[in-house]
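Undergrad: Okay, sequence plus prediction incoming.
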Protein chains: 2
Amino acid sequence: MLQNRRSFLRTATAGVGATLLGRRPASAAARSLGKTVGFAIAGLGSLSMNQLLPALRRTGIARLAGVVTGTPGKGRRVVDEYGIPPDAVYSYDTMHRMADNADIDAVYVVTPNVLHLEHAVAAARAGKHVLCEKPMAGSSDDCETMIRECGDAGVKLAIGYRCQFEPHHRECIRIVRDGDFGPLKLVEAGLGFTIGDPAQWRLRRDLAGGGALMDVGVYAVQTCRYLTGEEPVRITATEAKTDPVKFAEVDETVAWHMEFPSGAVGSCTCSYNAQGLNRLAGHCAGGGFTLDPAYSYGGLQGGSSHGRFDFDQPDQFAVQMDDFARCILEDRESIVPGDEGLRDLRVLEAIYESIRAGRPVDLK
Amino acid sequence: MLQNRRSFLRTATAGVGATLLGRRPASAAARSLGKTVGFAIAGLGSLSMNQLLPALRRTGIARLAGVVTGTPGKGRRVVDEYGIPPDAVYSYDTMHRMADNADIDAVYVVTPNVLHLEHAVAAARAGKHVLCEKPMAGSSDDCETMIRECGDAGVKLAIGYRCQFEPHHRECIRIVRDGDFGPLKLVEAGLGFTIGDPAQWRLRRDLAGGGALMDVGVYAVQTCRYLTGEEPVRITATEAKTDPVKFAEVDETVAWHMEFPSGAVGSCTCSYNAQGLNRLAGHCAGGGFTLDPAYSYGGLQGGSSHGRFDFDQPDQFAVQMDDFARCILEDRESIVPGDEGLRDLRVLEAIYESIRAGRPVDLK
């Protein structure tokens, strides 16, 4: 049974909206004050159409206020299905006009990786806060430019690291922070699937900036960083390519190690040509924890040496957008600011450099 | 809940003997002919006392015929508990006298890694077949000497790779060989535990030849080799040490990649200072399989994209010894001959070399 990118990440998201709506935690207060935050979704690919737009029906204070798309038909579909005003549909050429639309507070950039910078900057210059999908950009240089532009424009910038808002991942982080099983020694993290349509942008270097590593390897990099709470000092990587035609421009399978100052090691894998890779595990001297699947949009499973986890499975995108909305309303920094995306890009670049150079790469 | 080496590998072995005795497959025929094979166990550490000696009560044609020990009290205990003749208890200085004991056909060498060569050669020169625990020796040079000595003596040599006789592992191998999910792209394999007594031989380089990598990392090396059915061409390794006192002489945690000619990659980990590492997974383009725990003496669990595995859990040591006994009776080579041990040692040495040199190491 082949799983494509959508189906494998979508595991069991059905029905989780009700849970979230039933709780509506910090957002209830904000909404009762009548304060909501308007989001424009820039880029109407499958993530936006299948996850983000539906998620905006489950949010507390984040609400859909517009879209940016290069495909007018998709814009009309959102107008029809979600009831946004027809003049809240922008193209990439007209999105600067959002400056005149007070209903839009923030732009969620969900375009191909390499285009994130252009669209984030356009949003920032229009005075809109920016929530940018991961990987943050095609290069760390682009990340730095994005951070500077958002700073200059006085808008907030956060990266779409939904796992950092997810209860299972939060518990794994807590276990390490509280030292439940002593110091963390080894992290395993891997994400992969068999990619479908060979014509898609994810297989084009000029749009994706890289392959499996940029798209799903970034989850493993993030995991090692948020579990250890440290920055890696050395990267050692290995690439494998079994289909040089399909993966002519980008990486197919990458494995890498991340060494941390504490002595903890991350052993990570990602692939565009392998099934069943969707897991994290943390191993401490006195016990450990596992999530498998770890990175799906829902249906996460896992446990620790103390027993199985039993957490709610909220709509991760709804929680993430509500959190950014609260950051805007309360004028505070996100827990996943632009700097998080920049740090991950630096690691991704070090992984590619280690593969190219055939040696470990030290990070400052 | 801390698990030491014994408890973590011993998971749920209780009661499996009955299953095996109830089936007594190929051995029944041999036993009915009155043909059995006498084993002397050389080295009465915990593996021998807690696993091998009890296993010899569950075997079909392998039977206990003697022991070799440096501790006379342990020898007397085996005489009392297992009813072997007092003159079938040898010391390492007297084991050459086994040549005169026709009741002993084979010696199972279960001494510290670096001593395997000396004891295997002593057994071979006494005309006894040799079953040697893994890792086969302290170096690949020693492996080559052992193979040559056994060849010169005209005795059989096999290595204690019990997993190769275990139904869950056999099924994983079959899945890859039959191409159930297409070509194998990525193997993950890891084994580790928190080592106890700091005075034990496993932490001494002169006896163990190395640390976690030699002791439990060898399982992951074997797994990658028997799953792919290939020999690795490149090794890239990373070591982490968080306790330089306890692990002054040997490695604590090692992570490494194995690249195979087909393009498959093995991502492996081992540790003497981390819990919960006991798993293999194979990822193919169309599906995959997992065992977790994978390397315990019993209680293995796992499944594939087609569903959960439901196999017998035989006494792995009994099956292994019966198989070697049949090899002797039928005069055929074991599926895990000395050459298997040698090949693994070469990989282990390449892993250490990659760590030392700080670069990938190519294998011929």
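TA: Nice, thanks for sending it over. Numbers count the residues shown, from 1 in each chain, chains lettered A, B, ... in the order given.

Undergrad: which one is residue A:171 nearest to, not counting chain neighbours?
TA: residue A:309 (6.1 Å; CB to CB, 6 or more residues apart in numbering or on different chains). For the C-beta atoms, the positions are set from N, CA and C on the backbone; glycine is no exception.

Undergrad: how many neighbours does the one you found have?
TA: Counted with other CB atoms under 10 Å in any protein chain shown, residues neighbouring residue A:309 total 17.

Undergrad: Could you do residue A:333 as well?
TA: Neighbours of residue A:333 (other CB under 10 Å): 12.

Undergrad: and it, what does it touch?
TA: A:156, A:327 (CB atoms under 8 Å, 6 or more residues apart in numbering or on different chains).

Undergrad: Over to it. Which of the three states is it?
TA: coil (DSSP: H, G, I helix; E, B strand; the rest coil).

Undergrad: What separation is there between it and residue A:209?
TA: For residue A:333, the distance to residue A:209 equals 26 Å [CB to CB, to the nearest Å].

Undergrad: likewise residue A:232?
TA: Distance, residue A:232 to residue A:209, by CB to CB: 20 Å.

Undergrad: average pLDDT across stretch A:157-177?
TA: Across stretch A:157-177, pLDDT averages out at 98.

Undergrad: Return the set of buried residues in that stretch.
TA: The neighbour-count check on stretch A:157-177 (16 or more other CB atoms under 10 Å in any protein chain shown) flags A:157-169, A:171-173, A:175-176 as buried.

Undergrad: now swap in stretch A:333-351 and tell me
TA: The neighbour-count criterion (16+ other CB under 10 Å) identifies A:334, A:336-338, A:340-351 as the buried residues of stretch A:333-351.

Undergrad: Name the nearest of these relative to chain B.
TA: residue A:351 (12.2 Å; CB to the nearest CB).

Undergrad: wouldn't the closest one be in contact with residue A:251 here?
TA: No: assessed by CB atoms under 8 Å, residue A:351 is found out of contact with residue A:251, at 9.2 Å.

Undergrad: residues in contact with whichever strand or helix holds residue A:328?
TA: Per DSSP states H and E: residue A:328 is located in helix A:316-329. With contacts defined as CB under 8 Å, 6+ apart, helix A:316-329 is touched by A:17, A:20, A:26-27, A:30, A:35-37, A:39, A:51-52, A:55-56, A:58-62, A:105-106, A:108, A:129, A:131, A:156, A:158, A:160-163, A:165-166, A:297-298, A:332-335.

Undergrad: What mean pLDDT does it get?
TA: Computed over helix A:316-329, the average pLDDT equals 98.

Undergrad: ok, then the element right after that helix?
TA: Sequence order places helix A:338-357 as the next helix or strand after helix A:316-329, per DSSP H and E.

Undergrad: The next helix or strand after that next one: partners in the sheet, and parallel or antiparallel?
TA: The helix or strand immediately downstream of helix A:338-357 is strand A:361-362, counting by DSSP H and E. Sheet pairing of strand A:361-362 (DSSP bridges) gives strand A:234-240 (antiparallel).

Undergrad: And the contacts of the partner strand?
TA: By CB under 8 Å, 6+ apart, strand A:234-240 touches A:251-259, A:347, A:350-355, A:360-363, B:185-186, B:234, B:236-238, B:257, B:259, B:263-265, B:360.
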